[in-house]
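Asks: Okay, predicted coordinates and the sequence, questions at the end:
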Amino acid sequence: MGEKTRSRGCFGWFIVAVVLALVVVAVVYTVIKKTHKSDEASPAPGPPGAVEKKYADALKVAMQFFDVQKSGKLEDNKISWRGDSALQDGSEAKLDLSKGMYDAGDHMKFGFPMAFTATVLSWAILEYGYQMNAVNQLEPAQDSLKWITDYLINAHAEDNVLYIQVGDPKTDHGCWDRPEDMTEKRPLTQVNISSPGTDVAAETAAAMASASLVFKKSDPTYSSTLLEHAEQLFSFADKHRGSYSKSIPQVQTYYNSTGYGDELLWAASWLYHATGDQSYLQYVTGQNGKIFANWGSPTWFSWDNKLAGTQVLLSRLTFFGEKESSNSGLQMYRKTAEAVMCGLIPDSPSATTSRTDSGLIWVSEWNALQHPVASAFLATLYSDYMLTSKTTNLSCNGESYKPADLRTLAKSQADYVLGNNPLKMSFLVGYGDKYPQYVHHRGASIPADATTGCKDGWKWLDLEEPNPNVAVGALVGGPFLNETYVDSRNNSMQGEPSTYNSGLIVGLLSSLITTSPAVQSFT
């Protein structure tokens with residue numbers, strides 16, 4: 001009898017022990033899960049809401065310019081007048097650099113703006129992939145991104161070697177021919193330990209780190225490869241500091257870098273999101289942040305200056321992060337991001353005066369639309385961070401503004417691009433009833449069946465007829481400050497599109513295509 005009673009008692013204690021163990025396991029699991037989050041706890045979005053047809057249609061158009069710009073052996077080619085080109089790129093170094101995208105209306109592959117294109121496109125997919133998918137544009141966006149990152153992987157030939165240019169600008173710009181018919185030499189340019197390029201190497205690291213997040217679930221092996229390259233390139237960029245514009249003075253004519261500190265912070269920010277490694281967070285909030293971040297001084301986001309983008313990206317952590325929100329360095333980034341936003345809202349006390357009479361943000365004669373589109377993209381991101389985190393107000397010198405004010409600003413810039421402007425013309429080629437017909441773009445200006453060489457193709461530049469091919473999706477340079485636009489093939493200042501502009505307009509349109517905006521978790 002005593003023996004049985006003892007057995008029941010032991011069994012009871014056993015049950016209690018099991019229950020306690022399960023509780024402990026659950027608690028430990030929760031702690032580990034929180035500790036090992038590689039990104040902030042952003043809620044997953046619900047249904048995308050009603051589709052705004054104007055922006056959805058424009059996105060479908062804009063996405064096609066990536067196909068127009070593709071180099072290499074084309075797969076599932078959707079552009080009737082494009083074909084295989086530059087198949088031997090990289091062969092002099094026994095590399096395959098045939099992929100990637102041509103920079104603008106020429107046939108150069110400039111690594112600095114191309115990597116920026118990939119970073120911005122990755123960001124757009126990460127935040128608004130759900131909305132993209134609602135209008136069947138997520139897969140095309142991912143395919144275009146991979147076309148660039150495949151090239152960037154091959155361009156990173158060794159740990160401390162990155163090929164940053166294919167083609168010689170002087171030779172390339174001395175020809176007017178189709179990419180399919182190129183016969184001119186395509187020399188390679190690299191940065192390395194003796195000729196460092198911190199800016200271009202760090203931007204390429206940012207591109208690969210952000211893209212690794214895009215492909216993390218769909219292709220884990222490819223994602224890991226990208227992340228490995230990103231970390232190697234960041235190490236190279238940080239340890240061997242120097243601007244590529246100083247190492248290679250000839251690049252100054254086209255994509256001169258005004259400094260590399262912004263790229264280091266931009267790359268480290270993306271690497272933190274991709275890895276969760278606290279050393280990258282410390283990098284941007286510690287001494288490097290104090291040296292390079294220019295806290296409190298708002299700047300314009302562009303292929304050359306990534307500070308405003310970095311501020312918005314790191315603000316994400318303060319909106320959604322469970323641990324990072326109290327980080328004093330991150331708070332400095334957020335305060336500066338708020339200053340950027342306050343400068344964009346038209347009736348804010350600190351609103352920028354860099355605008356046309358019709359309200360387009362206008363900073364530069366060359367490629368005028370880059371800055372308003374980039375600014376609007378950041379504004380929608382920040383607005384959606386506020387909405388998703390239920391942050392109701394933005395304070396600008398004592399005046400209070402809501403997420404809707406930022407979204408209204410962003411829509412005004414997008415609408416201007418799409419035709420709500422004094423010219424009643426869309427600057428997005430192929431969208432609307434009226435858009436530029438004489439785009440400064442070699443391939444678009446020459447009939448697909450024409451036989452031309454380097455020199456005899458110039459006749460197509462001066463031809464009075466509109467381009468025989470539509471460079472669909474091209475975002476041209478844009479209007480002058482007085483809101484005029486000269487539609488001439490010789491007007492490269494206003495009429496030349498660029499691939500990095502496409503990354504920005506795709507990001508902006510993706511953020512606007514649904515009536516219920518929401519950003520996604522990166523994980």
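Replies: Perfect, thanks for sending it.

Asks: ok, now which ones touch A448?
Replies: S80, W81, G83, R178, P468, N469 (CB atoms under 8 Å, 6 or more residues apart in numbering). Backbone N, C-alpha and C define where each C-beta goes, glycine included.

Asks: Using the three-state scheme, assign the second one.
Replies: Here W81 takes the coil state, with states given by DSSP: H, G, I helix; E, B strand; the rest coil.

Asks: So, low pLDDT: which residues of the stretch 201-350 of the chain?
Replies: When residues are selected by pLDDT under 70, those of the stretch 201-350 of the chain lie in 322, 325.

Asks: If we ignore the residues flanking it in sequence, what's nearest the residue most central in space within the chain?
Replies: Residue closest to the mean C-alpha point of the chain, counted by CA atoms, centre = their mean, is V120 at 0.6 Å. For V120, ignoring the flanking residues on the chain, the nearest one in space by CB to CB, 6 or more residues apart in numbering is G503 at 3.9 Å.

Asks: burial of that neighbour, as a residue count?
Replies: By other CB atoms under 10 Å, 33 other residues sit near G503.

Asks: One more: K246?
Replies: K246, neighbours per other CB under 10 Å, totals 16.

Asks: what's the spacing between the residue nearest to the centre of the chain and W362?
Replies: As for V120, its distance to W362 is 20 Å (criterion: CB to CB, to the nearest Å).

Asks: and if you look at I79?
Replies: Taking CB to CB, one finds I79 at 31 Å from W362.

Asks: Just say helix, strand or coil for G503.
Replies: helix.

Asks: Hmm, T183 is touching G453, no?
Replies: Yes - with contact defined as CB atoms under 8 Å, T183 reaches G453; the gap is 6.6 Å.

Asks: can you list contacts of stretch 207-226?
Replies: 115-116, 118-119, 122-123, 125-126, 129, 142, 145-146, 148-149, 152-153, 227, 229-231, 233-234, 267, 270-271, 273-275, 522-523.

Asks: In contact with A202, which residues?
Replies: L233, F234, A237, D238, Y260, E263, L264, W266, A267.

Asks: Where does it fall, secondary structure wise?
Replies: Following DSSP states H and E, one finds A202 within helix 198-214.

Asks: any idea which helix or strand comes after that helix?
Replies: Proceeding N to C from helix 198-214, the next assigned helix or strand is helix 220-239, under DSSP H and E.

Asks: Can you tell me which helices and strands the helix or strand just after that next one packs against?
Replies: Following helix 220-239 in sequence order, the next helix or strand is helix 244-247 (DSSP H and E). Using 3 or more CB pairs under 8 Å, 6 or more residues apart in numbering; DSSP states H and E as the contact test, the elements touching helix 244-247 are helix 198-214.

Asks: where does the stretch 1-150 of the chain have low pLDDT?
Replies: For the stretch 1-150 of the chain (pLDDT under 70), the answer is 1-48.

Asks: just the strands in it please.
Replies: Using DSSP state E, counting those that start in this stretch, the strands of the stretch 1-150 of the chain run over 109-110.

Asks: which residues of it fall in helices?
Replies: Taking DSSP state H, counting those that start in this stretch as the criterion, the stretch 1-150 of the chain carries its helices at 2-35, 53-62, 64-69, 111-134, 138-155.

Asks: can you give me the end-to-end distance of stretch 247-267?
Replies: 20 Å (CA to CA, to the nearest Å).

Asks: for stretch 105-112, that is, sorry about that
Replies: 17 Å.

Asks: what sits up against it?
Replies: Under CB under 8 Å, 6+ apart, the answer for stretch 105-112 is 71, 85-86, 89, 97, 100-103, 151-152, 155, 162-167, 169, 172-173, 179, 182, 199-200, 203-204, 244, 254-255, 257, 303, 439-442, 444, 492, 496-497.

Asks: Are any of the contacts of A202 buried, and if so which?
Replies: The neighbour-count criterion (16 or more other CB atoms under 10 Å) marks L233, F234, A237, D238, Y260, E263, L264, W266, A267 among these as buried.

Asks: Which one of these is nearest to M425?
Replies: W266 (34.0 Å; CB to CB).

Asks: my read: that closest one touches V312, true?
Replies: No - under the criterion of CB under 8 Å, W266 is not in contact with V312, lying 10.9 Å apart.

Asks: that older thread, test for you: state the pLDDT assigned to the residue nearest to V120.
Replies: Looking at G503, its pLDDT stands at 98.

Asks: show me the contacts for it.
Replies: By CB under 8 Å, 6+ apart, the neighbours of G503 are F116, T117, A118, T119, V120, L121, A124.

Asks: Need the phi and psi values for T451.
Replies: The phi/psi pair for T451 (degrees, to the nearest 10) reads phi -110, psi 110.
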